[in-house]
Each structure stands twice: as C-alpha cells, then as structure tokens.
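In: My questions concern the predicted model and sequence given below.
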Amino acid sequence: MVPLGAGGSRPRLRDPRPDAGGRSGPHEPRQRIAAQAKPEHLILTCTAFAGAPTAELQLGRLSDGTEQRVRSGKTSFGALEALCMKRNPDCRLSGLPAGPAIGWITVYALGYGGGATAVILRDGDLLSIDARATSRGSAEDAVQRLAQSIMPRIVGP
C-alpha cells in the first residue's frame, strides 16, 4: 500500500473527484451524496443511489498475523467465511482481486436490509470498506464500486 507508516503518519485521503476543488461535505445537492471526513476515516451517504447505501472507509493496521496466515494458505477464505457465519449465519465471503494486497468481501443480511465489508491487507496496512443499504445486493455493489475505484490509489500498483 502507499506507505501508511512512513514517518509515523498516514496519507490523507483526498477527494477522488477531479472537480472537487478542495471541497468537503456534500456533492452538488441534486446528487444527494454527503461525506464526513476524519483522519483515516471517511463516511459517504448516497441517498440517490439504488439501495441508499452508506459506506464507511477506514485506514488502519492489522498485525495479528491474519495477512500472513491467509497469504500462506494456513487460513483459507472458507475458514474466514466460517468465522463470519458464526456471527451471522447469512454471511458469505469471496475473494477480492487486490493486486499486491490480499482482500475479501463479506456480504450479509441485516434486520433492515443488507451489509457488505471489504478487507484489504498489505504489509500490515488495512483498508476496510463497510456499507449498509436496503438490500444485500446494494451494499455489495457499493463496496465493489468503492474498492475498484479507490484501491489502486490506496494499495498502489
């Protein structure tokens, strides 16, 4: 990933819209997209999109050995899915192509709709993308789109 730990600081997420002009907060009102940004944390609310997803992106570290166990095959995606299913029997997990990183997406039902979470790991750096929407499919679509859009900028080539 972009060297998150370099110099003891993390890169600032920048607005990926080319015409943003340094703005933060909602896009143009007709698009009904709102953003809240904090260091290493971004929340997007997209009421105009199918399923009205809310997505949360976070940068962090995961140094518990998960990345090494998954990379080596000691922990399979099937084993990760089984752990997820213990918390939510409806959980399904699939791999996420992530270049030099490793990643997966879980999709699950919630009482009011659905959720999806992408986990992307590289050298202990963690990017998580979590979405809630009116359906599992809408949540998964939001996570997939965000992952494909920002992963190259965060993970690197």
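Out: Right, received. Where do you want to start?
In: use CA for all of it now, contacts and neighbours both
Out: OK.
In: Give me the distance from the helix or strand containing residue 149 to the chain's centre.
Out: With elements delineated by DSSP states H and E, residue 149 resides in helix 136-155, which encompasses its position. Using C-alpha atoms, centre = their mean, to the nearest Å, the mean C-alpha position of helix 136-155 is found 6 Å from that of the whole chain.
In: If you count neighbours, what's buried in that helix?
Out: Within helix 136-155, the residues that qualify as buried by neighbour count (16 or more other C-alpha atoms under 10 Å) are 136-144, 146-147, 151, 154-155.
In: Spell out the residue ranges of the strands in this protein.
Out: With DSSP state E, the ranges of strands along the chain come out as 33-38, 41-46, 54-61, 92-95, 102-110, 113-122, 125-133.
In: CSV please, covering those strands and showing distance to residue 84 and mean neighbour count.
Out: Supplementary listing: the strands of the chain in CSV, determined by distance: least, C-alpha to C-alpha, whole Å; neighbours: other C-alpha atoms under 10 Å:
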stretch, distance to residue 84, mean neighbour count
strand 33-38, 28, 15
strand 41-46, 23, 18
strand 54-61, 19, 20
strand 92-95, 8, 17
strand 102-110, 8, 21
strand 113-122, 11, 23
strand 125-133, 14, 24
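In: As TSV, the ones you listed with mean pLDDT would be great.
Out: Compiled in TSV, those are given as follows (pLDDT from 0 to 100):
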stretch	mean pLDDT
strand 33-38	76
strand 41-46	73
strand 54-61	86
strand 92-95	95
strand 102-110	94
strand 113-122	93
strand 125-133	91
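In: Let me have the ones you listed in JSON lines, adding distance to residue 75 as columns.
Out: Converted to JSON lines, those look like this (distance: least, C-alpha to C-alpha, whole Å):
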{"stretch": "strand 33-38", "distance to residue 75": "33"}
{"stretch": "strand 41-46", "distance to residue 75": "28"}
{"stretch": "strand 54-61", "distance to residue 75": "19"}
{"stretch": "strand 92-95", "distance to residue 75": "13"}
{"stretch": "strand 102-110", "distance to residue 75": "13"}
{"stretch": "strand 113-122", "distance to residue 75": "14"}
{"stretch": "strand 125-133", "distance to residue 75": "18"}
